[in-house]
Each structure stands twice: as C-alpha cells, then as structure tokens.
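> Mind looking at a prediction? Sequence and model below.
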Amino acid sequence: MTSDKAGQAQATVERALKATEVNPYEMFRTQVGLAGEKLRLPVDLLEMIKRPERVLEVSVPVRMDHGGIEVFTGYRVQHSSARGPCKGGIRYHPGVTLDEVKALAGWMTWKCAVVDIPLGGGKGGIVCDPTTLSEGELERLTRRYTAMILPLIGPQHDIPAPDVNTGARIMNWIMDTATVLRGEPMYAIVTGKDLGVGGARGRREATGRGVMIVTQEILNRLGRGLPGTTVAVQGFGNVGSVAALLLHESGAKVVGVSDVSGALYSPNGLNIPELVDYVARSPNRLIAGYTAPGVEELPGPEVLTLDVDVLVPAALEGQITADNADRIRAKVIVEGANGPTTPEADVILEEQGRVVVPDILANAGGVVVSYFEWVQNLQNFYWEEGETNDRLSRIMRRAFQAVWDYARERKVSLRTAAFMLGLERVVQAIRLRGIFP
Ligand code: NAD
C-alpha cells in the first residue's frame with residue numbers, strides 16, 4: 001500500500017467510526033445494567049457503580065516547533081478505588097472523548113476485579129494526533145499533561161500505563177516529570193516503562209501473551225487446540241502484533257491482519273515474524289507496503305469477516321456492530337481491544353452461536369503485569385521474565401476458569417459472567433467499606 005492509500009484508508013475508517021456513532025460510555029452503562037439486573041443489585045448502588053468517582057479535564061498548552069502555542073484537551077478519570085488504587089492507560093488519539101475515557105476507566109475496574117488483583121479502574125487520554133507531532137512536541141505535551149494531572153495520580157492513588165499510541169517512551173517521560181516535580185524517585189507512579197528506568201521484564205508483551213493464553217484456554221474448552229487453528233487479527237500495534245506472533249509461535253495459522261493502513265491476507269498463513277520485523281522498521285509502524293508471495297491486500301474492515309476459526313479484534317472500540325456482526329464467520333472472538341463489540345452486536349453474535357471471550361478477561365494480561373511492575377517498583381526488587389510469565393499465566397488461567405464456571409453455572413455468556421463476577425467483587429468491597437460518611 002502506498003502512503004496515499006494509507007491516508008485514504010484512515011479517512012474511510014474515521015468516516016465509518018463516525019457513522020456508527022457508538023458511544024462507549026452508553027455501551028458501558030448498558031453492560032453494567034444488564035449484569036446488575038442479573039445480580040439483582042439495588043438500582044441506587046448500580047447507579048453509583050456506573051458513574052466514575054472523579055473526572056479531571058485539563059487544557060494543555062504546548063509550545064509547537066513553529067513557535068506558536070497549541071492547546072490540547074486531556075482527561076484523567078478515576079472510575080473506582082473500592083478495591084485499590086486506580087489503574088489504567090493513557091490514550092493519544094484524535095477521537096478521544098470524555099465519554100470514551102469514562103467507559104475505558106470503568107472497564108478497568110471490572111478487569112482488575114475479574115483477574116482479582118488489588119487495584120481499581122482509571123484511564124486517561126489526550127485529544128491529539130501523535131503522528132503529526134515531532135518528538136519534541138510529543139515530549140512537551142506529555143510532560144505538561146503529567147504536571148496537570150499530577151494532583152490526581154500517584155503510586156497510592158492512580159497509576160497510569162500505556163494505551164493506544166502511547167508506549168514506554170511516553171511512560172518514561174511521565175515518571176521523570178513526576179520525579180522532578182515531586183523531588184523524589186517516582187518509579188511506581190506509572191507502569192509500562194523501559195527496563196532501564198523501572199520497567200518490568202515481560203510487560204511489553206503481556207497483553208498479547210494474555211490474549212494467546214485465553215485463546216488456548218477457550219479452544220481447549222471447545223475440544224480443540226491452537227495448532228492449525230486459523231486466526232485473523234485486527235490491529236497490529238502492541239496488543240495485535242504480539243498476540244499474532246505468540247499465536248503463530250504456538251502453531252496457529254494467522255491468515256489475516258489489519259491496521260489503520262489496510263489489511264493483508266494469505267490463506268496459507270502470513271509470515272508473522274517477518275511482518276513484525278517489517279512494521280518495526282517502517283516509519284509509521286504500519287503494515288502498508290509489505291509484500292510477500294501469496295499475500296493479498298484487502299480493505300481493512302474485511303479482516304473482521306474472514307472465514308477463520310478465531311478473530312482477535314485488537315484495534316479500537318466499536319468495531320463489531322449491528323452492521324457487520326451477522327457477517328462475522330469466526331466461531332471464537334477473543335477481544336484484545338477494549339470494547340470492540342457493541343451490545344447490539346453481542347446479541348447477534350450470541351444468536352449465531354459465536355463464543356466471545358470478553359475484553360475485561362481477554363486483554364487483562366497488560367494490567368496484571370503492570371501490577372507486577374508496580375509491586376517491583378515499590379519494593380525496588382526486580383523479577384526475571386520467567387517469573388513474570390509464570391505468574392501471568394497462572395492468573396489468566398485461574399480467571400478464565402472462574403469466568404467459564406460462572407457462565408456455565410448461570411447459563412450466561414462469558415461477557416455477562418465476567419461482568420457479573422467483576423461487579424460482585426467490587427460490590428463486596430463497597431459493602432465491606434461502607435459509604436462515607
Ligand atoms: P497501539 O496503538 O499499539 O495499536 C493500535 C493498532 O490498531 C495499530 O496497529 C493501528 O494501526 C490499529 N488501528 C487503529 N484503528 C484501526 C482501525 N479502525 N482498523 C484497523 N486497525 C486499526 O495500541 P494497543 O496498545 O495495541 O491497543 C489496542 C487496543 O487494545 C485498544 O483498545 C487498547 O485499549 C487495548 N488494550 C491495550 C493494552 C496494552 O497493554 N497496550 C492493554 C489492554 C487493552
């Protein structure tokens with residue numbers, strides 16, 4: 001694909017996203033409502049749980065390279081601290097809205113509860129297109145945003161992490177800014193940092209590794225294994241590319257992948273290690289321009305409807321909607337992204353016998369290893385990667401089993417089971433603590 005084509009593809013995706021008008025916070029409230037009704041939770045308690053504890057909006061002035069000032073809008077939302085300090089990533093994207101950040105913060109609360117780690121949910125975001133910013137602009141934006149949300153975040157309050165378009169470099173700047181402003185080492189204020197500055201071995205791969213583990217678990221429950229299973233992955237960033245690589249290494253045949261620049265398809269299986277290498281070397285980290293014998297280009301959205309055993313949406317929310325759900329052919333959908341399936345689409349998928357492993361379980365590997373990173377920072381004692389991966393695997397498999405059993409006992413979908421289980425644990429914490437004053 002040429003960069004022109006990549007630009008056109010991005011515009012098409014953005015138009016499609018606008019056309020579906022999925023409001024993630026409405027989606028979140030609907031999901032909580034459904035699980036809450038099944039648990040017969042009182043309406044007032046449910047309303048309390050649907051709403052975030054605290055919301056901060058900041059206007060972030062940045063001196064741009066051309067000399068003028070641009071003001072960016074940023075958010076930090078703390079959904080719940082009932083089970084521990086808030087935890088959740090920071091997203092840099094032109095489509096960031098307060099409702100999106102509120103929903104993402106809420107999903108973090110259930111996610112931490114489902115995998116049973118002692119953290120609550122939070123999330124942040126800046127409305128920006130990082131691909132148009134120079135390195136210096138990105139650093140000044142990050143440092144000023146950090147300074148402006150500093151009253152809210154901290155190792156015992158709220159610990160950010162990477163999300164879409166943010167990675168270790170940005171986390172390092174956040175840690176350094178907090179350290180300078182507070183005048184003491186602040187390694188534990190943010191996770192997903194580079195190894196040389198308090199990062200955890202295995203953190204970068206953790207979400208994709210978790211996706212691979214739950215894919216293995218669900219296939220085992222369905223009487224199958226990974227070898228020979230065909231897979232399509234939407235999104236080839238941190239989550240999608242690592243999930244594709246680990247699934248490939250475990251014997252699955254990854255036949256389709258996409259990113260914002262388009263999709264690639266090969267019925268015989270893509271050479272994922274080669275593609276990962278290609279993307280790492282390409283300027284915008286895109287699959288655009290990759291060619292290999294037997295590999296065809298497809299329009300990006302078509303990756304979702306490929307005839308495969310497993311579909312891993314690992315891009316953004318609101319991708320599987322009422323408009324395309326009946327064309328999904330994968331038997332199993334493992335949600336690497338947060339909120340990729342709308343509630344309407346969920347109903348259609350269930351009617352058609354598709355099995356969805358929900359985001360709050362499937363992509364929890366990232367927050368589990370973020371939890372490990374935070375623990376290591378607090379203790380100033382660092383683990384081997386093997387220890388991280390073993391502990392991650394144990395937690396993910398235990399959580400999968402708990403959700404699977406819960407779903408079978410109550411005859412509900414895995415999503416409803418995960419929400420009910422998470423909600424039960426959060427409600428229990430609220431009841432044990434009581435309502436202040
Ligand atoms: P990333 O920025 O590294 O990658 C995002 C990928 O999605 C890129 O390849 C991008 O080109 C692609 N993309 C964006 N819009 C697309 C579209 N409309 N169609 C196809 N591809 C598109 O982000 P990430 O960290 O991999 O996050 C992806 C998803 O996973 C998000 O929903 C995020 O909230 C979720 N998630 C991330 C983590 C983590 O540890 N990074 C943890 C849990 C959940």
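Great, that's in hand. These numbers were taken from a predicted model, which means no experiment stands behind them.

> Can you list the low-confidence ranges for this structure?
Within the chain, the ranges that satisfy pLDDT under 70 run 1-21.

> could you point out the longest strand in it?
The longest strand of the chain (DSSP state E) is strand 69-80.

> can I get the CA coordinates of that one in PDB?
Extracted C-alpha coordinates of strand 69-80, given in PDB (Å, rounded to 0.1, in the frame of the first residue of the first chain):
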ATOM      1  CA  ILE A  69       1.100  27.700  21.200                       C
ATOM      2  CA  GLU A  70      -1.400  24.900  20.700                       C
ATOM      3  CA  VAL A  71      -3.900  23.900  23.400                       C
ATOM      4  CA  PHE A  72      -4.800  20.200  23.700                       C
ATOM      5  CA  THR A  73      -7.600  18.800  25.700                       C
ATOM      6  CA  GLY A  74      -6.700  15.900  28.100                       C
ATOM      7  CA  TYR A  75      -8.600  13.900  30.700                       C
ATOM      8  CA  ARG A  76      -7.900  11.600  33.600                       C
ATOM      9  CA  VAL A  77     -10.800   9.600  35.000                       C
ATOM     10  CA  GLN A  78     -10.900   7.500  38.200                       C
ATOM     11  CA  HIS A  79     -13.800   5.100  38.000                       C
ATOM     12  CA  SER A  80     -13.400   3.200  41.200                       C
END
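
> Work out the sheet partners of that strand and label each with its direction, please.
Partners of strand 69-80 in the sheet, by DSSP bridges, are strand 54-63 (antiparallel), strand 120-127 (antiparallel).

> For the ligand, what is the nearest residue in the stretch 151-300 of the chain?
Of all residues in the stretch 151-300 of the chain, residue 237 sits closest to the ligand, at 1.7 Å by C-beta to the nearest ligand atom. Quick note: C-beta positions are derived from backbone N, CA and C, even for glycine.

> Test my guess that residue 369 contacts residue 208.
No - using C-beta atoms under 8 Å, residue 369 makes no contact with residue 208, being 11.0 Å away.

> Of all the strands paired with strand 69-80, which one comes closest to the ligand?
strand 120-127 (8.7 Å).

> what residues are up against the residue of the stretch 151-300 of the chain closest to the ligand?
By C-beta atoms under 8 Å, 6 or more residues apart in numbering, the contact set of residue 237 is 164, 259, 285, 314-315.

> count of residues packed around residue 386?
Using other C-beta atoms under 10 Å, residue 386 has 10 neighbouring residues.

> Can you mark which positions in the helix or strand hosting it are buried?
Applying DSSP states H and E as the criterion places residue 386 in helix 385-410. Within helix 385-410, the residues scored as buried using 16 or more other C-beta atoms under 10 Å are 388-389, 391-393, 395-396, 399-400, 402-404, 406-407.

> end-to-end on stretch 163-172?
Stretch 163-172 stretches 14 Å from its first residue to its last (C-alpha to C-alpha, to the nearest Å).

> can you check stretch 187-205 too?
End to end - C-alpha to C-alpha - stretch 187-205 spans 20 Å.

> Next: stretch 191-198.
8 Å.

> Same question for stretch 359-368.
End-to-end for stretch 359-368, by C-alpha to C-alpha: 14 Å.

> Likewise for stretch 176-195?
OK, stretch 176-195 end separation, C-alpha to C-alpha: 14 Å.

> try stretch 256-267
8 Å.

> What of stretch 30-47?
The first residue of stretch 30-47 is 11 Å away from its last residue (C-alpha to C-alpha).

> Nearest spatial neighbour of residue 87, chain-adjacent residues omitted?
Spatial nearest neighbour of residue 87, chain neighbours left out: residue 119 (4.2 Å); criterion: C-beta to C-beta, 6 or more residues apart in numbering.
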